[in-house]
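In: pasted the sequence and its predicted model underneath.
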Amino acid sequence: MTAITLTTLLLALGTGTSLTFISSHWLLAWMGLEISTLAILPLMAQHYHPRATEAATKYFLIQATAAAVLLFASITNAWISGHWDIQQTSHPLPLTLATLALALKIGLAPLHSWQPEVLQGLNLTTGMIMATWQKLAPFAILLQIQTPNSSLLIALGILSIFVGGWGGLNQTQLRKVLGYSSIAHLGWMVLVLQYSQPLALLALLLYIIVTYATFTLFNIKNATSVKALFALGAKNPILTTLLPFLLLSLASLPPLTGFLAKLLILKELTKQGLAPTAALAIMGTLLSAFFYVRLSVATALTLAPNITTATGPWRLHNSPYTIAISIATVLAILLFPSTPSALTPFTH
């Protein structure tokens, strides 16, 4: 892919998401979603491989289905209420349809099965874009819906946490593990969305930071399976030391950054009188923590069965991601002490 084509596609990707951000009209927001979807499809299929073509086809069909349902929901709302404003969506029928369509777009359970399969067919860079940037536009629309169905969002959130944890237990491919990780983290965001939108945005931001750092580190070492983690210690000791911290941050273990969002969400759910829901969410997170710890053990406590006698890989050229991975890793690991500052928007 030429530099001009790549630049055009990335600009279109940013334009589509930005259009959804600034739109309160259903049609304009829908157009933004479609622009970003069409822009990422060539990035998915740029490698002429059957798995990449299959992933792009699956993604296109799923996103087209979700877009059709979302357009139908917006037209139904305009027909019933006479409003095209997203914040004026209050009738139960279009509200439920729009919520389910957006859940399908971002991959919430039980509408999740496409996400791990699509991620498995992509390279790590495109997979990172799909797992992070492509969640922003649908999430922006969810934030604008003022009267969500509380029971539906709670059910989607709890189911996503359990499915994301359970589905990742027996995976040996890192991209599938990160796909189920995305499902579980999005479940936490949806749980608190109707009670504290700033807290949901904070959880999304922290998820993007930690996931970006993890994807970038895997991309530097071209690690796509658990087996590839065994040899990281001999190739790059520094990155091997950092990776378990990133994985445990995704698992939300204290005192790492990932625990910050979960702690605040649990506090908010308890304050809203949803202690049983918070307890279920914690139990579902234990499933996710198990396979993150398993990956950490594979990385830090397991050596390759043989030792290479070739020139040390650390003597090769530096990666172009050095600054980005340094900043993202520090943020993904060491933000937990800023918890008092993060609490400020919720106490004033």
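Out: Happy to help now that I have it. Numbers count the residues shown, from 1 in each chain.
In: CA atoms for contacts and neighbours, from now on please.
Out: Fine.
In: what about stretch 19-31, start to end distance?
Out: Using C-alpha to C-alpha, to the nearest Å, one end of stretch 19-31 lies 8 Å from the other.
In: show me what it is in contact with.
Out: Residues from elsewhere that reach stretch 19-31 (C-alpha atoms under 8 Å, 6 or more residues apart in numbering): 16, 32-33, 67, 70-71, 74, 84-87, 137, 140-141, 144.
In: isn't residue 325 right next to residue 213, touching?
Out: Yes: using C-alpha atoms under 8 Å, residue 325 is in contact with residue 213, at 5.8 Å.
In: so between the two, which is more surrounded?
Out: residue 213 (25 against 20; other C-alpha atoms under 10 Å).
In: ok, back up a step: looking at the contacts of stretch 19-31, which has the most residues close by?
Out: Most surrounded of the contacts of stretch 19-31: other C-alpha under 10 Å gives residue 33, at 27 neighbours.
In: can you pull the contacts of it?
Out: If a contact means C-alpha under 8 Å, 6+ apart, then residue 33 has 16-17, 20, 67, 137-138 as its contacts.
In: show me where pLDDT drops low in the chain?
Out: By pLDDT under 70, the low-scoring segments of the chain are 146-149, 233-235, 302-321, 342-348.
In: in the top helix by length along it, which of the residues would be classed as buried?
Out: Under DSSP state H, the helix in the chain containing the largest number of residues is helix 50-81. Residues 51-60, 62-64, 66-67, 69-78 are the ones in helix 50-81 that count as buried (16 or more other C-alpha atoms under 10 Å).
In: tell me, how many residues neighbour residue 34?
Out: A count of nearby residues for residue 34, using other C-alpha under 10 Å, gives 18.
In: so it touches residue 16, yeah?
Out: Yes: using C-alpha under 8 Å, residue 34 makes contact with residue 16 at a distance of 7.3 Å.
In: part of a strand, is residue 93?
Out: No: assessed with DSSP: H, G, I helix; E, B strand; the rest coil, residue 93 is helix; it does not lie in a strand.
In: which ones are touching the closest residue to it other than its chain neighbours?
Out: Spatial nearest neighbour of residue 93, chain neighbours left out: residue 73 (7.7 Å); criterion: C-alpha to C-alpha, 6 or more residues apart in numbering. Applying C-alpha under 8 Å, 6+ apart to residue 73 gives the contacts 93-95, 97-98.
In: quick one: residue 73 from residue 84, how far?
Out: The gap separating residue 73 from residue 84 is 11 Å, by C-alpha to C-alpha.
In: do residue 256 as well
Out: Distance of residue 256 to residue 84, computed by C-alpha to C-alpha: 43 Å.
In: what are the structural domain limits within this structure?
Out: With domains defined by automatic domain parsing, the chain comprises 1-148, 153-304+319-348.
In: just how off-centre is the longest one within its chain?
Out: Pointing back at domain 153-304+319-348 there. Computed by C-alpha atoms, centre = their mean, to the nearest Å, the chain-centroid distance of domain 153-304+319-348 equals 10 Å.
In: ditto for the shortest one
Out: The gap between the average C-alpha position of domain 1-148 and the chain average comes to 13 Å, counting by C-alpha atoms, centre = their mean.
In: one step back: determine which two of the contacts of stretch 19-31 are furthest apart.
Out: Farthest pair in the contacts of stretch 19-31 (C-alpha to C-alpha) is 16 and 87. Separation: 20.0 Å.
In: okay, helices next: where are they in the stretch 51-200 of the chain?
Out: Ranges of helices in the stretch 51-200 of the chain, per DSSP state H, counting those that start in this stretch, are 92-106, 114-120, 124-131, 136-144, 150-167, 174-193, 197-221.
In: restricting to C-alpha, output the second one in CSV.
Out: Right, helix 114-120. Extracted in CSV, the C-alpha atoms of helix 114-120 (Å, rounded to 0.1, in the frame of the first residue of the first chain):
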residue,chain,number,x,y,z
TRP,A,114,-17.3,-11.9,15.3
GLN,A,115,-14.7,-9.9,17.2
PRO,A,116,-12.1,-12.5,18.2
GLU,A,117,-12.4,-14.2,14.7
VAL,A,118,-11.9,-10.9,12.9
LEU,A,119,-8.9,-9.9,15.1
GLN,A,120,-7.3,-13.2,14.5
